[in-house]
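**Q** A structural model of the following input is requested.
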Amino acid sequence: MPIDQGLLEVYEAGRLTVLGFGGRTVLEHINLSDCREEIAALIKENNCETLAFDLTGIRLLPSGLLGLLASLRQLGVEVHVYNPSEDVREVLEITRLERVMHVHELEL
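**A** Next comes the predicted model:
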């Protein structure tokens, strides 16, 4: 069962930490500072090497959240995103963020 961490839900914690956004389709009213603090704490507590974000069902990501995802590499982790919508994938390609994070499609 996911652990609710505010905006984020932690599906698995450890060297590979899997995060999601609780089935939301649109991420609004995000406190990026709180979100970054939650993620930094998870990385430290779990000696995390890889962060995987499940974007299943999310139609749009705010630009600030995209920047946050891209900046997580500075915390010494590899960032993976799974199942981005076509719109999110297009933004990742246009901004070239797919070069700094791994993008995957999984059949559910």
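**Q** what bridges to L8?
**A** Beta bridges link L8 to Q5 when assigned by DSSP bridges.
**Q** separation between it and R99?
**A** According to CB to CB, to the nearest Å, L8 and R99 sit 24 Å apart. (Each C-beta comes from the backbone N, C-alpha and C, glycine too.)
**Q** Looking at those two now, which is surrounded by more residues?
**A** Remark: of L8 and R99, L8 carries more neighbours, 19 against 11, as counted by other CB atoms under 10 Å.
**Q** pretty sure the more buried one contacts R24?
**A** No - counting by CB atoms under 8 Å, L8 does not reach R24; the two are 10.7 Å apart.
**Q** Name the helix or strand of the chain that has the lowest mean pLDDT.
**A** Within the chain, no helix or strand scores below strand 3-5, which has a mean of 42 by mean pLDDT, DSSP states H and E.
**Q** Please tell me how far the top helix by length along the chain is from the chain's geometric centre.
**A** Ranked by residue count and defined by DSSP state H, the top helix of the chain is helix 32-46. Helix 32-46 sits 11 Å away from the centroid of its parent chain (CA atoms, centre = their mean, to the nearest Å).
**Q** tell me which residues in it are buried?
**A** Buried residues in helix 32-46, counted by 16 or more other CB atoms under 10 Å: 35, 38-39, 42-43.
**Q** Go through stretch 97-108 and flag the buried ones.
**A** Result for stretch 97-108 [16+ other CB under 10 Å]: buried residues 97, 101, 103.
**Q** pLDDT averaged over it - what is it?
**A** Stretch 97-108 carries an average pLDDT of 88.
**Q** ok, now stretch 45-63?
**A** 91.
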